[in-house]
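# predicted model, plus sequence, below.
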Amino acid sequence: MRKAFISPSKYIQGEDEIVNLGYFVKTFGTSALLIAHPEDVKRVKGKLDATADKFEITFVESGFNGECSRQEIARLKQVAKESNCDCTIGLGGGKAIDTAKCVAEGDALIIVPTIAATDAPTSHSAVMYTPDGAFDDYAYFKQSPSVVLIDTTVIANAPTRFLVAGMGDALSTYFEARATARSYSNVNAGLPCGVREGLCPPARGTNAAFALATHCYKTLLEDGVKAKAASDCNTVTPALENIIEANILLSGLGFESAGLAGAHAIHDGLTILEGAHHYFHGEKVAFGTLAQLVLENAPTEEIDEVLDFCLAVGLPVCLSDIGVDTITQEELMEVAEKACIPEESIYSMPFPVSPESVAAAIIAADKIGSDYKKRSK
């Protein structure tokens, strides 16, 4: 059996860690292309200036337009070439990070998230969009980022909703890894080693990855509520540090090397609903996790445990929590059919899946979550 595990070369997390960013730039040279939204640069300008002075390096401003499009990637590659940049930094949220991945193509890449809203920072993949913001394609690179650097002070001062959304994304990690392991399905860590071109076989997950996914869930249950309180107070505590690590590192390594399954596929289906457009990725994944548990007929005790956690930290447990107050049977089937397109991760579930069974799981999960929420008030 062929297995694969992928991870960043180095992960660093700590208070005011951006002050040390220049040290890691220095391992590649003296200049870095900085891909970041102007507002994110403004939030950490003092730290960027301090690290540039301390380590005698230069940040080349990129004028990032906010969209990870082929056109913007090509423009930024030219900026890096003309400025003789030694490395690339993606600082901020998901689109800046993914754009940096596409510009660097797996070489000399430093990722500096300013929020802990998803598990994308550690991965070797990116999502590309059109200049208008519509989905374009997925991109996979030869390796994960060289450095992932987390400034916990910056994360603590971001809106708490981002942290909670990250917990929603991380919540799915264990359950999707479990489904993938039970079905002996392949994982993203095997890409892009010629799999798509038929040059080498795909790969399955490792025991190490499943252990990380399991610990991710355990950490959420133990520290999620305490971390939310710390974030509300804009302060760094051990619980917040643990949840940042769970949201970014444990979940990031877990999803790529242990697998995705029903929760993310159902999330992808939910994106077609207009009411859900204003909700974060992790918020929709949280409801997708509940729908996956219903789909696999998980024990009531397990579903209740997940519901308790979601309600405690403020994650969605029903469709109305993600802006979908009503849904027609036609809309429900459209969601289910999108979740079941051939390339979706839904087929990592350890049993046959159909749009009809997914639709039934979504509507039942909505009912279970709504009723549980009412009883908990």
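Great, that's in hand. Source: prediction; values computed, not measured.
# neighbours around P238, how many?
11 (other Cβ atoms under 10 Å). Yep, even glycine has a C-beta here, placed from its N, CA and C like the rest.
# in this structure G252 contacts A116, no?
No. Taking contacts as Cβ atoms under 8 Å, G252 lies outside contact range of A116: 10.7 Å.
# higher neighbour count, those two?
Shown here are G252 and A116; by other Cβ under 10 Å, A116 has more neighbours (32 against 29).
# did I read that right, that one in a helix?
No. A116 is assigned coil when assessed by DSSP: H, G, I helix; E, B strand; the rest coil, not a helix.
# I'd say it and F162 touch.
Yes. A116 is within contact range of F162, at 6.6 Å (criterion: Cβ under 8 Å).
# return the residues in contact with I303.
L290, L293, V294, I368 (Cβ atoms under 8 Å, 6 or more residues apart in numbering).
# now the element after whichever strand or helix holds Y23, going C-ward?
Element membership for Y23 (DSSP states H and E) is helix 21-26. Next helix or strand after helix 21-26 toward the C-terminus (DSSP H and E): strand 31-36.
# and the contacts of that next one?
25, 41, 48, 57-62, 64, 76, 79-80, 83-92, 96, 99-100, 103, 110.
# moving C-terminal of it, what's the next helix or strand?
Strand 31-36 is succeeded, C-terminally, by helix 38-43 (DSSP H and E).
# who's in contact with that following helix?
Residues contacting helix 38-43 (Cβ under 8 Å, 6+ apart): L34, L48, E61, F64, L91, G92, G93, A96, T114, V154, N157.
# count the residues that sit near the spatially closest residue to the third one that is not a sequence neighbour.
Nearest-residue entry for E61: L34, 6.1 Å, with adjacent residues in sequence omitted and distances by Cβ to Cβ, 6 or more residues apart in numbering. Residues lying near L34 (other Cβ under 10 Å) number 26.
# circling back: ok, so of the contacts of I303, who is nearest S185?
Distance to S185 across these (Cβ to Cβ) is lowest for L293, with 17.7 Å.
# so what's the nearest residue to that closest one once chain neighbours are set aside scoring on pLDDT?
Excluding the flanking residues, the one nearest L293 by Cβ to Cβ, 6+ apart is I303, at 5.2 Å. Reported pLDDT at I303 in the predicted model: 98.
# Three-state assignment for I303, please.
helix.
# which of the contacts of helix 38-43 sit farthest apart?
Checking the contacts of helix 38-43 with Cβ to Cβ, the most distant pair is E61 and N157, at 22.7 Å.
# what's the helix or strand of the chain with the lowest mean pLDDT packed up against?
When each helix and strand of the chain is scored by mean pLDDT, DSSP states H and E, strand 135-140 comes last, with a mean of 85. Where contact means 3 or more Cβ pairs under 8 Å, 6 or more residues apart in numbering; DSSP states H and E, strand 135-140 is packed against strand 125-129.
# would you mind pulling the contact partners of whatever helix or strand I155 lives in?
Using DSSP H and E, I155 sits within helix 152-156. Helix 152-156 is contacted from outside by 13-18, 43-44, 113-116, 163, 230-231, 234-236, 240-241, 244, using Cβ under 8 Å, 6+ apart.
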